[in-house]
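1. Make a model of this:
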Amino acid sequence: MQQVPFHFNASKNLEILSKTAFLTTHFAGKTNVMVTAWGALGVMWKLPVFVAMVRQSRYSYELIEKTHEFTITFPYMDLPKAAEICGHVSGRDADKLALCGLSTRPAHKITTPVLEVPGMQLECKVIYAKLMSAEKLNEAIQELWYDRQPNNYHAFFISQVVDSYITP
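-> Numbering: from 1, shown residues only. You can find the predicted model right below:
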């Protein structure tokens, strides 16, 4: 493991995020992993932050609401089976880690683990959350992403990156 600043490999990590990164949650002995391709990495309130977008219908949303933390993994290898399963199977109904053949390792500063894969790991604590609404949303975005699933908006979880490192 190599400690690195949260913005280390930013271009590479944002390219991975635009395709398939993984968001991991954990509560009451149960770990859940979802695919995320929407998010932002930056600075707010002079803090390093990752902004995760999670639909309120997702199991991960429930777990983040309970724990106020999650981890982000930018995998430095292709994981097509994991991406398929974690993007289409609900953690309410199945153990996605077992289905994918993935494992986790303990995080350093939070209770949610990180995926045991080569890549960049972010440990995140939520510092602000806000559920989207239609009132202030651009009409084209509304039509493209939300008209087919009314009232299933994303929540923005602005989280402080409390640790960041590369795992082999």
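2. how much space between the residue nearest the centre of the chain and residue 147?
-> Closest to where the C-alpha atoms of the chain average out (CA atoms, centre = their mean) is residue 23, at 2.7 Å. Applying CB to CB, to the nearest Å, one obtains 25 Å for the distance of residue 23 from residue 147. All C-beta spots, glycine's among them, are computed from the backbone N, C-alpha and C.
3. and if you look at residue 38?
-> Distance from residue 38 to residue 147, counting by CB to CB: 17 Å.
4. More neighbours: these two, which one.
-> The neighbour comparison of residue 38 against residue 147 (other CB atoms under 10 Å) goes to residue 38, with 14 against 10.
5. So for that one, what's the nearest residue that isn't a sequence neighbour?
-> residue 53 (4.5 Å; CB to CB, 6 or more residues apart in numbering).
6. Can you tell me who residue 131 pairs with across the strands?
-> For residue 131, the beta-bridge partners under DSSP bridges are residue 155.
7. who's in contact with it?
-> The contact partners of residue 131, taken as CB atoms under 8 Å, 6 or more residues apart in numbering, are 56, 153-156.
8. Next one, pLDDT for the nearest residue to the residue nearest to the centre of the chain once chain neighbours are set aside please.
-> By the measure of CB to CB, 6+ apart, the closest residue to residue 23 outside its immediate chain neighbours is residue 36, 4.6 Å from it. According to the per-residue confidence, residue 36 scores 96 in pLDDT.
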